[in-house]
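In: got a predicted model here, sequence first, then my questions.
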Amino acid sequence: MVRRKRPKTGKVTLKIPWELYGKLNEIIEGTGFSSVNEFVVFVVRNVASGGRIKDEDKLTANEIRKVRERLKKLGYL
């Protein structure tokens, strides 16, 4: 993993597929989130607040295969 020097302030750009962006946009309708970006930051903060991924939280090889199959059917892979 490449570690970059972190600035004290600022933002970075993350890229997601348009299809996912559209789905997230549908999900946030009527929720009070003003943008997909605001929602994604909220979700990532919640996930990150849990700390490191524990061994018992890791996916098995079979679970990973099923996730990949589902993503492929949805057109993300």
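Out: Noted; the coordinates are in hand. Numbering: from 1, shown residues only.
In: which stretches in this protein count as helices?
Out: Counting by DSSP state H, one finds helices in the chain at the ranges 18-28, 36-48, 61-73.
In: I'd guessed residue 24 sits against residue 40; true?
Out: Yes: the pair residue 24 / residue 40 is scored as a contact, 7.0 Å apart, by CB atoms under 8 Å. Backbone N, C-alpha and C define where each C-beta goes, glycine included.
In: and residue 21, how many neighbours?
Out: Counted with other CB atoms under 10 Å, the neighbours of residue 21 add up to 14.
In: distance check, the residue lying closest to it once chain neighbours are set aside against residue 59.
Out: Spatial nearest neighbour of residue 21, excluding adjacent residues (CB to CB, 6 or more residues apart in numbering): residue 36 at 5.8 Å. Separation of residue 36 from residue 59 (CB to CB, to the nearest Å): 25 Å.
In: okay, those two: which has more neighbours?
Out: Neighbour totals were compared for residue 36 and residue 59, and residue 36 leads with 18 against 11 (other CB under 10 Å).
In: can you name the residues that contact that one?
Out: Residue 36 sits next to 21, 24-25, 28 when contact means CB atoms under 8 Å, 6 or more residues apart in numbering.
In: could those residues go into a markdown table alongside pLDDT?
Out: Listed next are the contacts of residue 36 as a markdown table, based on pLDDT from 0 to 100:
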| residue | pLDDT |
| --- | --- |
| 21 | 94 |
| 24 | 93 |
| 25 | 93 |
| 28 | 92 |
